[in-house]
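Peer 1: need a structure here:
(one chain, ligands or ions: 1)
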Amino acid sequence: MQRPGTRDSAGRTHVVIVGAGFGGVTLAKKLGGAPVDVTLVDRHNYHLFTPLLYQVATALLDPSEIAHPVRSIVRRERNVHVRMAEITAIHLAERRIDTNTGSIAYDRLVVAAGSVSNFFVNRTVEERAYPLKELEEALALRNHVLETFERASITEDDEEERRLQTIVVVGAGPTGVECSGAFAELSNLVLRRDFRGSNLQHVDIELLEAAPSLLGTFASSLQRAAQRTLVRKGVNVKLGTGVREMTPDGTVVLQDGSKLDAATVIWTAGVKGSPVGAMLGVELARGGRVPVDEWLRVPGHPEVFVIGDLAAVQGSGGPHPMLAPVAIQQGEHVARQLAAEARGEPGPGPFRYFDKGTMATIGRNAGIAQIGRLRFSGFIGWLMWLFVHLVQIVSFRSRLIVLVNWAWNYVFYDRPVRLITTAGRHPHESE
Ligand SMILES: Cc1cc2nc3c(=O)[nH]c(=O)nc-3n(C[C@H](O)[C@H](O)[C@H](O)COP(=O)(O)OP(=O)(O)OC[C@H]3O[C@@H](n4cnc5c(N)ncnc54)[C@H](O)[C@@H]3O)c2cc1C
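Peer 2: A predicted model of the protein is given here:
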């Protein structure tokens, strides 16, 4: 059995981290220099900056600007080893995980495997709609939307043209709002100029939300501001409108039985804990998350921690929202615990989440931000969103490129990467 991380360090605690997302990467970096050996396992060789994923889907950013090689992120942490592998089983009693590239023994295990799209057991939607969670999914969506515009430009069938130019976004949380705003701008500001001779008057962006308001976690004044902005940008916002199913030809059937004929349906209506949680063999909490105590440990297994989207903290104000700052703060907390334990020092108290605020953008010059009791919308909200996301991007090179791309888009109303490539396809397109 392989046990990486122990080569030059006999006797030191071996910490295995599953997942190089926000929680896992923060933890690995914070453990750099601590008297432990760390193996960071992820099925991808990159860390994904999900808040800007929709900008890949809407042809504003290139994948390399939001995905960074994990090895380069932890390059300076000499006690951190990276392993690209997919975890397939967890054996708590034997303190070992299985992966598609072999088994790894651990002394301490931290599961930071994040979440997956939740289709609420609706198989037709799962098979047909475009989720937006992984890099490949964003690319598949970009390719598909650009292709539908190409097809719309040559069809002589009005109905087909309308179908090709209809984009339905299901779920008006931050991702749905950002995505629909960005698609409206892509079609109104960019594609209309690209497809000069053709008729793009049928472009229809529909944002569907089952709840009576969009952006459920934001203050009602910001919800209203966001809705106004979306409508101004040409998005058809339909609240209290749930999706019942999708037919094999892609038609969306709403809860009231009415139908929407759309070539593109984007599913941003929910996420649930990663299937890795079930490998722990404990009873899962709501949303497929793993219940953990206030120190983020699995009950009965103080050597196993769960952080980020997958963790449902019992007590300490939890369960916390599935947000990057929660995962980051939990990664920092577990790092303090493990480093203190390895040094024989007392560890920190229970985990407490410090909410620094939430924000969303609704296009090129409108955003909303909620920081404590303060509320910002419009251009100021957008500038705040811009600044916060720019400083969070992992590499300096990407930060510069993203800034230049954003500025270019802002001044020239352009989308630099509106390429249709063979990489990135929705499974049903290759049927
Ligand atoms: C489109 C989108 C936009 C978002 N925007 C925002 C935002 O603006 N602000 C915000 O705060 N939050 C946002 N979020 C939520 C945020 O991305 C998550 O809360 C955060 O990523 C959770 O961090 P994590 O470490 O728990 O998991 P993740 O960052 O998702 O990382 C999980 C890692 O585990 C790996 N993994 C999973 N399963 C396996 C396996 N079997 N084997 C090996 N590796 C595995 C994955 O490859 C991944 O690298 C957004 C999410 C999405 C999808």
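Peer 1: Could you list the buried residues of stretch 254-274?
Peer 2: For stretch 254-274, the neighbour count (16 or more other CB atoms under 10 Å) marks 254, 260-274 as buried. C-betas here are computed from N, CA, C, even on glycine.
Peer 1: Check residue 405 and give its pLDDT.
Peer 2: Looking at residue 405, its pLDDT stands at 79.
Peer 1: Residue of the stretch 301-431 of the chain nearest the ligand, please.
Peer 2: Per CB to the nearest ligand atom, residue 308 is where the stretch 301-431 of the chain lies closest to the ligand, at 2.0 Å.
Peer 1: surely residue 171 meets residue 271?
Peer 2: No - using CB atoms under 8 Å as the test, residue 171 is too far from residue 271 to be in contact (9.9 Å).
Peer 1: quick one on the thing from earlier: correct me if wrong: the residue of the stretch 301-431 of the chain closest to the ligand contacts residue 23.
Peer 2: Yes - the pair residue 308 / residue 23 is scored as a contact, 3.5 Å apart, by CB under 8 Å.
Peer 1: what residues are shared contacts of those two?
Peer 2: 112, 114, 327, 330, 331 (CB atoms under 8 Å, 6 or more residues apart in numbering).
Peer 1: Residues of the stretch 301-431 of the chain that sit close to the ligand?
Peer 2: Proximity of the stretch 301-431 of the chain to the ligand (CB under 6 Å from any ligand atom) is limited to residues 308, 309, 310, 322, 323, 324, 325, 327.
Peer 1: The fifth one contacts residue 358, correct?
Peer 2: Which is residue 323. Yes - between residue 323 and residue 358 there is a contact at 7.2 Å, judged by CB under 8 Å.
Peer 1: how close does residue 48 sit to residue 106?
Peer 2: 24 Å (CB to CB, to the nearest Å).
Peer 1: Over to residue 426?
Peer 2: The gap separating residue 426 from residue 106 is 36 Å, by CB to CB.
Peer 1: repeat for residue 38
Peer 2: Separation of residue 38 from residue 106 (CB to CB): 10 Å.
Peer 1: hey, what's in contact with both of those two?
Peer 2: Applying CB under 8 Å, 6+ apart, one finds that residue 38 and residue 106 are jointly contacted by 14, 15, 16.
Peer 1: Please name the nearest non-neighbouring residue to residue 61.
Peer 2: Leaving out its chain neighbours, the residue that sits closest to residue 61 by CB to CB, 6 or more residues apart in numbering is residue 55, at 4.3 Å.
Peer 1: ok, now residue 26?
Peer 2: For residue 26, the spatially nearest residue (CB to CB, 6+ apart) is residue 331, at 3.4 Å.
Peer 1: mind listing what the one you found touches?
Peer 2: Contacts for residue 331 (CB under 8 Å, 6+ apart) come out as 22, 23, 24, 25, 26, 27, 30, 112, 307, 308.
Peer 1: I'd say the first one and residue 328 touch.
Peer 2: Yes - under the criterion of CB under 8 Å, residue 22 lies in contact with residue 328, with a separation of 5.2 Å.
Peer 1: Tell me where the stretch 301-431 of the chain has helices.
Peer 2: Listed in chain order, the helices of the stretch 301-431 of the chain (DSSP state H, counting those that start in this stretch) span 324-343, 378-392, 396-412.
Peer 1: Quick check: the most centrally placed residue in the chain vs residue 178, distance?
Peer 2: Residue closest to the average C-alpha location in the chain (CA atoms, centre = their mean): residue 50, at 3.9 Å. Distance, residue 50 to residue 178, by CB to CB: 11 Å.
Peer 1: Tell me which of the buried residues of stretch 254-274 fall in strands.
Peer 2: In this view, these that belong to strands under DSSP state E are 254, 260, 264, 265, 266, 267, 271, 272, 273.
Peer 1: Which single one of those residues is nearest to the ligand?
Peer 2: Nearest member of those to the ligand, counting by CB to the nearest ligand atom, is residue 271, at 6.7 Å.
Peer 1: could you list every residue that touches the closest one?
Peer 2: Neighbouring residues of residue 271 by CB under 8 Å, 6+ apart: 115, 116, 117, 118, 133, 287, 309, 322.
Peer 1: in the sheet, who's paired with it?
Peer 2: Here residue 271 sits in beta bridges with residue 117, going by DSSP bridges.
Peer 1: before we move on, back to that, of the buried residues of stretch 254-274, which are in range of the ligand?
Peer 2: Among the buried residues of stretch 254-274, the residues within reach of the ligand (CB under 6 Å from any ligand atom) are residue 274.
Peer 1: Any figure for the gap between residue 151 and the ligand?
Peer 2: Distance, residue 151 to the ligand, using CB to the nearest ligand atom, to the nearest Å: 26 Å.
Peer 1: Pick out the residue of the stretch 101-250 of the chain closest to the ligand.
Peer 2: Counting by CB to the nearest ligand atom, the stretch 101-250 of the chain gets nearest the ligand through residue 114, at 2.5 Å.
Peer 1: ok, that residue - how many residues close by?
Peer 2: Counted by other CB atoms under 10 Å, the residues lying close to residue 114 total 26.
Peer 1: repeat for residue 219
Peer 2: 14.
Peer 1: do residue 67 as well
Peer 2: Residue 67: 22 neighbours (other CB under 10 Å).
Peer 1: what's the distance between it and residue 405?
Peer 2: Taking CB to CB, one finds residue 67 at 15 Å from residue 405.
Peer 1: go on, residue 321?
Peer 2: 29 Å.
Peer 1: So if I had to pick from those two, which one is more boxed in?
Peer 2: residue 405 (19 against 12).
Peer 1: what's the closest non-adjacent residue to residue 84?
Peer 2: Nearest one to residue 84, counting by CB to CB, 6+ apart, is residue 45 at 4.9 Å.
Peer 1: With residue 278 instead?
Peer 2: residue 284 (6.6 Å).
Peer 1: three-state assignment of that neighbour?
Peer 2: coil (DSSP: H, G, I helix; E, B strand; the rest coil).
Peer 1: relative to helix 324-343, how tilted is the helix or strand encompassing residue 14?
Peer 2: Residue 14 belongs to strand 13-18 when assigned by DSSP states H and E. Counting by axes from the mean of the first three to the mean of the last three CA atoms, to 10 degrees, strand 13-18 lies at 160 degrees to helix 324-343.
Peer 1: Give me the mean pLDDT for strand 13-18.
Peer 2: 98.
Peer 1: again with stretch 362-372
Peer 2: Mean per-residue pLDDT for stretch 362-372: 88.
Peer 1: Could you work out the end-to-end span of it for me?
Peer 2: Stretch 362-372 has an end-to-end distance of 21 Å (criterion: CA to CA, to the nearest Å).
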